[in-house]
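Chemist: structure for this input, please:
(one chain, ligands or ions: 1)
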Amino acid sequence: MRLALYNDNQLGVVVGEMVVEVGNAVRWDKHDTPRSFRHLLEGFVEYRAAIETAALQGPKVRLSDVQLLPPVPSPGKIVAAPVNYMSHKLEMNQDFTVERLGFFLKAPSSIIGPEGTVRLPFQDRRTDHEGELAFVIGKQAKDIPASQASEYIFGYFGLMDITVRGQEDRPMRKSYDSFTPIGPWIVTSDEVGDPHTLDLQLWVNDELRQSANTSELVANCYRFFEIASHVMTLYPGDIVTTGTPEGVGPIVPGDRVRLRIDRIGEFSVNVDLKR
Ligand code: MN
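Modeler: Sure thing, here's the model as predicted:
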């Protein structure tokens, strides 16, 4: 199932090129999306049949006629992997990978939707794209081994971890407003299947910059989940992003950045200067 947020905080199921409004099936309150979203995650097993029925019967509109919003509203935290593909380790001249570096946090306030605009805070500092596979936690987790991780992952989506290069700590360089575009929607875990068989590609304008497969992750989704859950309680709605492969490069005002992941979909954001 593909779950999207769109227009005026409506909840929809994406079916082909259409989106069907399903909010009534889960008592969705578009004026309180953080609470509604958590309610949806925690009750999804019970709500699923009603959502599927609503997706067959509800009013349909073309995806091209709606504005997609961030599919995860107001996560409590964004847990992010620093160096999690060997190819990226080599290009960054890093000595260690995620297994030694651990993880960092990005500010949830840096999230924008899949039709948003990345706003660059500096004209004189290199700012890079990083295309990544991300997932959203479905139920509270602490000290969960990798072997059980899949039970706690609600679904997957694409995430761009926009990054100013430099010497400041990662959470600062990656947390400017608009530095975390996510989308285009959440694909539930059952529909994604094995998350470690997905091709991931990122283009800047028409230039293919990044192309990899999630089979190349150093700490895969489940292992990285384990690392995070041994440190902190993961709550429904929290985001975990798995790191980027080689090919990171600069973005400048006027660019259009497109991220595509198998079985999930694609989205594009514009790049402009900070207002
Ligand atoms: Mn990253």
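Chemist: report the beta-bridge partners for Lys60.
Modeler: Val20 (DSSP bridges).
Chemist: so who does it touch?
Modeler: Residues near Lys60 by Cβ atoms under 8 Å, 6 or more residues apart in numbering: 15, 18-20. The way it works is simple: take the backbone N, C-alpha and C, and place the C-beta from them, glycine included.
Chemist: up against the ion, what does the stretch 101-250 of the chain have?
Modeler: 130, 161, 244 (Cβ under 5 Å from the ion).
Chemist: contacting residues around the first one?
Modeler: What it means is Glu130. 160-163, 243-244, 248.
Chemist: so Pro75, which of the three states?
Modeler: coil (DSSP: H, G, I helix; E, B strand; the rest coil).
Chemist: isn't it right next to Ala107, touching?
Modeler: No - using Cβ atoms under 8 Å as the test, Pro75 is too far from Ala107 to be in contact (10.3 Å).
Chemist: between these two, which one's more packed in?
Modeler: Shown here are Pro75 and Ala107; by other Cβ atoms under 10 Å, Pro75 has more neighbours (23 against 16).
Chemist: and the spatially closest residue to the more buried one that is not a sequence neighbour, how many neighbours?
Modeler: Among residues not flanking Pro75 along the chain, Ile239 sits closest, at 4.6 Å (Cβ to Cβ, 6 or more residues apart in numbering). Other residues near Ile239 come to 24 when the count uses other Cβ under 10 Å.
Chemist: please apply the same query to Val72.
Modeler: 29.
Chemist: same thing with Glu266?
Modeler: Other residues near Glu266 come to 15 when the count uses other Cβ under 10 Å.
Chemist: what sits against the residue in the stretch 51-200 of the chain positioned nearest to the ion?
Modeler: Closest contact between the stretch 51-200 of the chain and the ion, by Cβ to the ion, is at Asp161 (3.4 Å). Asp161 makes contacts with 80, 106, 130, 132, 174, 179-180, 241, 244, as judged by Cβ under 8 Å, 6+ apart.
Chemist: now do Val61
Modeler: 18-19, 21.
Chemist: out of those residues, flag the one nearest to Asn93.
Modeler: Closest approach to Asn93 among the contacts of Val61 (Cβ to Cβ): Val19, at 43.8 Å.
Chemist: list the residues that contact that closest one.
Modeler: Neighbours of Val19 in contact, by Cβ under 8 Å, 6+ apart: 4, 6, 12-13, 60-63, 66.
Chemist: what are the bridge partners for the residue nearest to it when sequence neighbours are not counted, then?
Modeler: Computed as Cβ to Cβ, 6+ apart, the closest residue to Val19 that is not its neighbour in sequence is Gly12, at 4.0 Å. Beta-bridge partners for Gly12, by DSSP bridges, are Ala4, Glu21.
Chemist: residues near Gly12, how many?
Modeler: Neighbours of Gly12 under the rule other Cβ under 10 Å: 28.
Chemist: my guess is it meets Ala4, correct?
Modeler: Yes - with contact defined as Cβ under 8 Å, Gly12 reaches Ala4; the gap is 4.8 Å.
Chemist: hmm, back to that, of the contacts of Val19, which pair is most distant in space?
Modeler: Greatest spatial distance among the contacts of Val19 (Cβ to Cβ): Val13 and Arg62, at 14.1 Å.
Chemist: can you give me phi and psi for the nearest residue to Phe104 once chain neighbours are set aside?
Modeler: Residue nearest to Phe104 in three dimensions, not counting chain neighbours: Arg170, with 4.5 Å by Cβ to Cβ, 6+ apart. Phi and psi for Arg170, reported as degrees, to the nearest 10, are phi -60, psi -40.
Chemist: confirm for me that Arg170 is in contact with Pro82.
Modeler: Yes - with contacts counted by Cβ under 8 Å, Arg170 reaches Pro82, the gap being 6.5 Å.
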